[in-house]
Each structure stands twice: as structure tokens, then as C-alpha cells.
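Chemist: Sequence first, predicted model second:
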Amino acid sequence: MALNIAYFAWVRERMGVAEEVVDVPAGMADVAALVAWLAARDDRGALAFADPLRVRAAIDGVMASPGSPLAGAREIALFPPVTGG
Amino acid sequence: MALNIAYFAWVRERMGVAEEVVDVPAGMADVAALVAWLAARDDRGALAFADPLRVRAAIDGVMASPGSPLAGAREIALFPPVTGG
Amino acid sequence: MIRVLVQTAAIDVAAELDLHDAGGHGASASFIGRVRGDDGLTELFLDHHPTMTGAGLADLAHGAVDRWQIAALTLIHRVGAMAPGDTIVLVLASSPHRAEALAACEYLIDRLKTDVMLWKRETFADGRVAWVEQRDGDAARAERWG
Amino acid sequence: MIRVLVQTAAIDVAAELDLHDAGGHGASASFIGRVRGDDGLTELFLDHHPTMTGAGLADLAHGAVDRWQIAALTLIHRVGAMAPGDTIVLVLASSPHRAEALAACEYLIDRLKTDVMLWKRETFADGRVAWVEQRDGDAARAERWG
């Protein structure tokens, strides 16, 4: 299953890319599973997602939760809590 | 006893003057007595001070109350409640 | 820097913004009040006291600086005759912190309505002339500040 | 008129004030936030999402117009690399009523801190680079609006 993932702020810096297309195992259910998979995939993932509580997600421009399903998603954004304004 | 009195807003318009020196009876005690005396003095005073509750006063630049003593006052200002800003 | 003025001349907002040196502060809040031409109003006249009006504005400005961390404060009130669209009052408050700048600005504009020696007279197109009565809402807003 | 922008170019406050047509409204409240050079900060970088950041600002603007009687609203956020003194954010809110203009301005600046997809990275003179952590105070201020 191919997913378009975009990273922001220090998640982007630790991942070393702004966007990528990743091929995840078929049947991956939700955001929490994706984050765990990315953390286990390689060193940059381990660094970016060492603490899943510090990561937020949006699916196709809508804020998501760890339990949000990945089915049908066109783009998943992963990023820290916002600190703007 | 001579008092310098300044009027503002509709009190000034009804009195027809911005300032005047008035000679009030010796021993006049307080602001309330002055307002009552001005209301009884002539038609313009009757018009300006028909409702003493709508009149405010300051003595030498400091807000006063009906019971504030007139003794030692250099200038008494009489005006409606403020509506500025 | 505290700048307080009572003036019959038009308020030059752009020049005051420059003077306030807004560029040097983390956060700047401002409020501009203008004459509204509602109900056919053609002139707003503001009567003031030659010393107490300015002293009242200065007291408010110093009160704001005592309450909040303020880097610069400008408080200018126009008096005399004004037309619809004219600026009556300008408040500029700057601080390193946004909440302080906003609070000072709101405090000053609320207090201005009740604590400063100013009286409004309105003239309308149909010839009607009326002194404005104090509104209960203004006193209530000012009282929130205790 | 609602004007919402996310831009990497410098914010031209004077030009935006003119565009906002401040002269036509009874009351105008504004807020300007600038980069502070505290602790030797040399650069502030704001990361943003290409669509969600602008959508978030537009949602806030429409939320303010739903809540208060607003005649004109300008909400501009700069993103990318900025230096101390640069304007990060500009809020202009005009209304016939001063309380509405002030409340909308304060609401927007509070909400901006917590509801919009923006991330701050600070670079200091000693070479230190750090992403800003969310502050509890910001979330608390935004929650007051319920």
C-alpha cells in the first residue's frame, strides 16, 4: 500500500525529506500504526518518532487522531504540536 | 463670598457663559447649596440645574460631591456626567 | 515612552505610528475611534476641560503602565468640532508581550468613556442638536477593571 | 471585506491599513506581532503547511465575523525566514462598535497561537537552533473563547 507522507518542522528535519511516497504493509489500519512502522523502519524514523505523543497528524488536510483510519487517504501529514502565530 | 465658576457642555449652553465670578451669600457650605442657589437665582440657572442629580462638580481640578465644602475653593466646575472617548 | 495629547487638530495616525516607533517592540495593539455618520450626523462636537481632560488622560496612561509591561504608549484625543470619518481617539500600546499590549489598549479605550472629562454634542442633517447622555454599558465596561 | 494571506514577503503595514479602508469604519482595532531579538536571536523561521495554514487562518477569520459585527477584517501571516523587528502577523478588525473590533482582534491573535498550522524555529547568535515548544499559556488563552 503506497502512502504520500509530508513532514513538517522538526519531524521534517529528522526525516531528512519534506515528502515521500512510502510502501507500507497492506492492511495497516491507522495513524498510530503508521507512526510505529516509521519509527521501526530506520534511524531517521526512530529519531523523528521516538515519542509518538509529540506527533500530530492530518489526513487530506483534516486533523486526525492516532486511531484515524488510513484507508482512502491521499496524503498524510505528520508534524509536532503547532507553535505559530 | 466671590466664587469662580466654570460650566461645561449643556450646563454651559443653558447658563449662556463658560465662566463667571458670582458673589454668593457668606457661609455657603457646599456644592449642593451652590447648585440650589444658582437654580433659584434666575431662569438660566433654573434651566441648567432643574435636576441636581444630573450635575457633577469639580473643585480646583478634583472631582467633588454635593457635600464637598466650598471653603478655600479657587474654581468650581459644574457639568453633566461625562460622555467622552 | 508615554505620549498624551488633547488637540483640536486632526490626528495624523501614520505620523503617530512612526513616532510610537512601533518597529522596535514585540507586540503593538492599537485602537482608532472615528466619528460615525449614523442617523444623518453632520458634526460631532467634543467639549473638554482645559486642565482636567489632559490630566485624566495622563492618569489613565500611567495607570496602564503601572498595570502592564508597556514599552510605549500613545493616547491622543481630539476635541472641538469634527465631521464623520474624523479620528476622535487613537490608542497605541506596545509591549514585549501581546497579552499586555492588548489589555492596555482595551483598558484605555474602556476607561476613556467614563473617566475623562469629555462631553459629546451631536448635530444632525435635519438641524437637531443633542448632547449625548451617558450610557449604562460604558460604565459597566469600565467597572470590569475594578 | 475579509482579506487573509500567508506570505513569505515582508508585510507592508501601511499599505494594508490603506487597503483595509480604515477611514470608513467607526472603530478599528489592530495587532502587530514582530520578531523579538531576545537572547541573541538572529533568525526566526516559520514552517507552514501549503494548504492547511491558509485554510486555518480563513476559518479563524470567518469565525470572528460570525461572532462579532465586523465591517472589515485583515489577517496576514508571514512564513519562512525572518529577522528581529520583522512583522510576523498583522490583524486589523473594524466595526461600528469598539467592543466588537477589540474582541475580534484579541480572539484572532489568541487563536492564531494554537489553531493554525505554523511551527517556529529559532536561530541564535551562538549558533544554537531550536524548534519552539508549545506553551501551556497559549492553549489556556485560546480556551477562554470556548
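Modeler: Sure, I can see it. Only a predicted model underlies this, so the values are computations on that prediction, with no experimental measurement involved.

Chemist: Now chain C against chain B: closest residue?
Modeler: Closest residue of chain C to chain B, CB to the nearest CB: C:Leu118 (2.2 Å). C-beta here means a position set from N, CA and C on the backbone, and glycine is covered the same way.

Chemist: Give me the distance between that residue and C:Ala10.
Modeler: Counting by CB to CB, to the nearest Å, the separation of C:Leu118 from C:Ala10 is 17 Å.

Chemist: quick one, which of those two is more surrounded?
Modeler: A count of neighbours by other CB atoms under 10 Å in any protein chain shown puts C:Leu118 above the other of C:Leu118 and C:Ala10, at 27 against 10.

Chemist: What score does that one have for pLDDT?
Modeler: At C:Leu118, the pLDDT value in this model is 96.

Chemist: so what's the residue lying closest to it once chain neighbours are set aside up against?
Modeler: Once flanking residues are discounted, C:Leu118 sits nearest to B:Gly84: 2.2 Å by CB to CB, 6 or more residues apart in numbering or on different chains. Counting by CB atoms under 8 Å, 6 or more residues apart in numbering or on different chains, B:Gly84 touches C:46, C:48, C:53, C:77, C:112-113, C:116-120.

Chemist: Checking my notes, B:Gly84 in a helix, right?
Modeler: No - read with DSSP: H, G, I helix; E, B strand; the rest coil, B:Gly84 is coil and lies in no helix.

Chemist: Could you dump the contacts of B:Gly84 into CSV and include distance to C:Ala103 and secondary structure?
Modeler: As requested, the contacts of B:Gly84 are exported to CSV (distance: CB to CB, whole Å; DSSP: H, G, I helix; E, B strand; the rest coil):
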residue, distance to C:Ala103, secondary structure
C:Leu46, 26, strand
C:His48, 26, strand
C:Thr53, 24, helix
C:His77, 20, strand
C:Leu112, 15, helix
C:Lys113, 17, helix
C:Val116, 19, coil
C:Met117, 24, coil
C:Leu118, 23, strand
C:Trp119, 28, strand
C:Lys120, 26, strand
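
Chemist: Report the buried members of these.
Modeler: C:46, C:48, C:53, C:77, C:112-113, C:116-120 (16 or more other CB atoms under 10 Å in any protein chain shown).

Chemist: Among the residues you listed, pick out the one closest to chain D, please.
Modeler: When these are compared for distance to chain D (CB to the nearest CB), C:Lys113 wins out at 8.7 Å.

Chemist: where in chain C is pLDDT low?
Modeler: Across chain C, the ranges flagged by pLDDT under 70 are C:22-23, C:136-146.

Chemist: How about the residue of it most remote from its centre, nearest residue that isn't a chain neighbour?
Modeler: In chain C, counting by CA atoms, centre = their mean, C:Asp126 sits farthest out from the average C-alpha position, at 28.5 Å. Closest residue to C:Asp126 apart from its sequence neighbours, by CB to CB, 6+ apart: C:Gly40 at 6.4 Å.

Chemist: again, but for C:Met52
Modeler: For C:Met52, the spatially nearest residue (CB to CB, 6+ apart) is C:Met117, at 4.5 Å.

Chemist: so which helix or strand takes in the spatially most central residue of chain C?
Modeler: The centre of chain C sits closest to C:Val89, judged by CA atoms, centre = their mean, with a distance of 3.7 Å. Following DSSP states H and E, one finds C:Val89 within strand C:87-95.

Chemist: how about that strand: buried residues?
Modeler: Buried, per 16+ other CB under 10 Å, within strand C:87-95: C:87-95.

Chemist: go on, stretch C:36-53?
Modeler: Within stretch C:36-53, judged by 16+ other CB under 10 Å, the buried ones are C:36-37, C:41, C:43-49, C:52-53.

Chemist: Out of those, which is nearest to B:Ile5?
Modeler: Nearest to B:Ile5 among those: C:His49, at 13.1 Å, using CB to CB.

Chemist: Quickly note the distance from that closest one to C:Thr114.
Modeler: 15 Å.

Chemist: again with C:Ala58
Modeler: Taking CB to CB, one finds C:Ala58 at 16 Å from C:Thr114.

Chemist: Neighbour count: those two, which is higher?
Modeler: With neighbours defined as other CB under 10 Å, C:Ala58 and C:Thr114 compare such that C:Thr114 has more, 19 against 14.

Chemist: got a list of what C:Tyr107 touches?
Modeler: C:63-64, C:67-68, C:145.

Chemist: Quick check on those: which are buried?
Modeler: Looks like those have C:63-64, C:68 buried, using 16+ other CB under 10 Å.

Chemist: Counting by contacts, list what the longest helix along chain A packs against.
Modeler: Secondary structure of chain A per DSSP state H: the longest helix is helix A:31-41. In terms of contacts (3 or more CB pairs under 8 Å, 6 or more residues apart in numbering or on different chains; DSSP states H and E), helix A:31-41 is packed against strand A:2-7, helix A:43-48, strand A:56-59, strand A:75-79.

Chemist: and with 6 Å instead?
Modeler: helix A:43-48 (3 or more CB pairs under 6 Å, 6 or more residues apart in numbering or on different chains; DSSP states H and E).

Chemist: rewinding a little: now intersect the buried residues of stretch C:36-53 with the strands, please.
Modeler: Using DSSP state E, the subset of the buried residues of stretch C:36-53 located in strands is C:41, C:43-48.

Chemist: In JSON lines: these, plus distance to chain B.
Modeler: As requested, these are exported to JSON lines (distance: CB to the nearest CB, whole Å):
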{"residue": "C:Leu41", "distance to chain B": "15"}
{"residue": "C:Glu43", "distance to chain B": "15"}
{"residue": "C:Leu44", "distance to chain B": "11"}
{"residue": "C:Phe45", "distance to chain B": "10"}
{"residue": "C:Leu46", "distance to chain B": "6"}
{"residue": "C:Asp47", "distance to chain B": "5"}
{"residue": "C:His48", "distance to chain B": "8"}
